[in-house]
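# Turn this into a model:
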Amino acid sequence: MIYIDSDGVFGRFKEWLYVNGANLKDEESVNKTIINNYERAYLETTPFCSVLNLHNILTSNDDCYILTNIPEDKFIKKYAGDNFEKVKETLISNKYKWFKKRFDINKEKIIINQGSKSKWCKSNQDVLIDDYEENIKEWRETGGVGILINK
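All right, here's what the predicted structure looks like:
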């Protein structure tokens, strides 16, 4: 299987976080910013122009998926309170909407994940393409092939 990250690979999500006040070096701040802006989160991300090759790989390969994270439930519960279900559903929906609008990719090709992505690595032939070094490190430690994208 080939898994491709979305935020930071297909889109400029770090820029959106920064503009919306997140401290990019602080996981708590990043998650709080996403949840506090959940109605707009992901939807306003500007796509990278250079993702055409990845898009072609994704759409022409049955064993290729977007593997993308939303904040873990512990963060959603902490910052959304009674709106937990609505916030979580909206974050997931926004990921699907963004890919459909920007790249005409249906949700069947998108895996919404929480926490470590390495749980999706089942063999030494599984590949993760990601911009986050920690994800690549964990993926490789699990036995898969990790490709770090620098944007």
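# which other residues reach stretch 115-125?
Applying C-beta atoms under 8 Å, 6 or more residues apart in numbering, the external contacts of stretch 115-125 come out as 1, 3, 5, 67, 69, 72, 111, 113, 126, 128, 130, 135, 138-139, 141-145. Yep, even glycine has a C-beta here, placed from its N, CA and C like the rest.
# for the chain, longest strand please?
Among all segments of the chain classified by DSSP state E, the strand with the greatest residue count is strand 64-69.
# Which element is encountered next along the chain beyond that strand?
Using DSSP states H and E, the helix or strand that follows strand 64-69 towards the C-terminus is helix 73-80.
# what about that next one, average pLDDT?
Within the predicted structure, the mean pLDDT of helix 73-80 is 96.
# what inclination does the following helix or strand past it have with respect to strand 64-69?
Using DSSP H and E, the helix or strand that follows helix 73-80 towards the C-terminus is helix 84-103. Here helix 84-103 runs at an angle of 140 degrees relative to strand 64-69 (axes from the mean of the first three to the mean of the last three C-alpha atoms, to 10 degrees).
# Mind listing what's buried along helix 84-103?
For helix 84-103, a neighbour-count test (16 or more other C-beta atoms under 10 Å) marks 87-88, 90-92, 94-96, 98-99, 102-103 as buried.
# Could you do stretch 38-52 as well?
In stretch 38-52, residues buried by neighbour count (16+ other C-beta under 10 Å) are 38, 41-45, 47, 51.
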